[in-house]
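In: for reference, the sequence and a predicted model appear below.
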Amino acid sequence: MTYTAEELQQLPIEELDQIFCQTSHVDMPYGCFKGEHIVRLKNPGSKLPLSRVLEFLGFEVAPFGIDFRSNRWFFFSNLLQAGRFEPTVERSRWRPTDVVALHYNVSRLPRPMRNFLYDEVKPLSDTLLLGLGGINRELGMGDHFYFTLELQEGTGRAVVQAS
């Protein structure tokens, strides 16, 4: 089944978990994607006060997205990029599925922050990704919230048609 970002934003956590786990083959995304916070998970890690404040400000209040051309997050505008990451296809730390894991060890952020950050995204199509945001901790402590990423027009791979 194909979904829209709007449909994903209406689903309960249990259905988002099922969708996140349903596809096994993962392709590396390309392009600039606009993000939208969906829901905070109900686990001990998502209730930590510092995480709640930072994630509220960074993902529920501020417009955000990911540019997979430069491998950086952006906030408010694609011109305000930060948080460089290295994307790798690997087994999820938090769900029984393969994902694109975002590792921040290549970032110029301070070392404690680089080691603290970790996120996963699951491509549902070339234009829609389902993300699981959080920190570099185990299941229940690291996985904090779901978000969508929608491809911004004109930023994906060029499609060449044979004549």
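Out: Perfect, I can see it now.
In: so where's the protein shaky on pLDDT?
Out: Judged by pLDDT under 70, the chain has its weakly predicted residues at 24, 157-163.
In: which helix runs longest in it?
Out: Counting residues, the longest helix in the chain under DSSP state H turns out to be helix 13-22.
In: partner strands of the following helix or strand past that one, parallel or antiparallel?
Out: Stepping forward along the backbone from helix 13-22, the first helix or strand reached (DSSP states H and E) is strand 32-40. The partner list of strand 32-40 in its sheet, established with DSSP bridges, is strand 64-67 (antiparallel), strand 143-151 (antiparallel).
In: packing partners of the longest helix of the chain?
Out: Contacts defined by 3 or more Cβ pairs under 8 Å, 6 or more residues apart in numbering; DSSP states H and E place helix 13-22 against strand 32-40, strand 128-135, strand 143-151. Yep, even glycine has a C-beta here, placed from its N, CA and C like the rest.
In: try it again with 6 Å
Out: With contacts taken as 3 or more Cβ pairs under 6 Å, 6 or more residues apart in numbering; DSSP states H and E, helix 13-22 sits against no other helix or strand.
In: residue contacts, the residue most central in space within the chain?
Out: In the chain, the C-alpha closest to the average C-alpha coordinate belongs to residue 131, at a distance of 3.3 Å (Cα atoms, centre = their mean). Contacts for residue 131 were tallied using Cβ atoms under 6 Å, 6 or more residues apart in numbering; they are 121, 147, 149.
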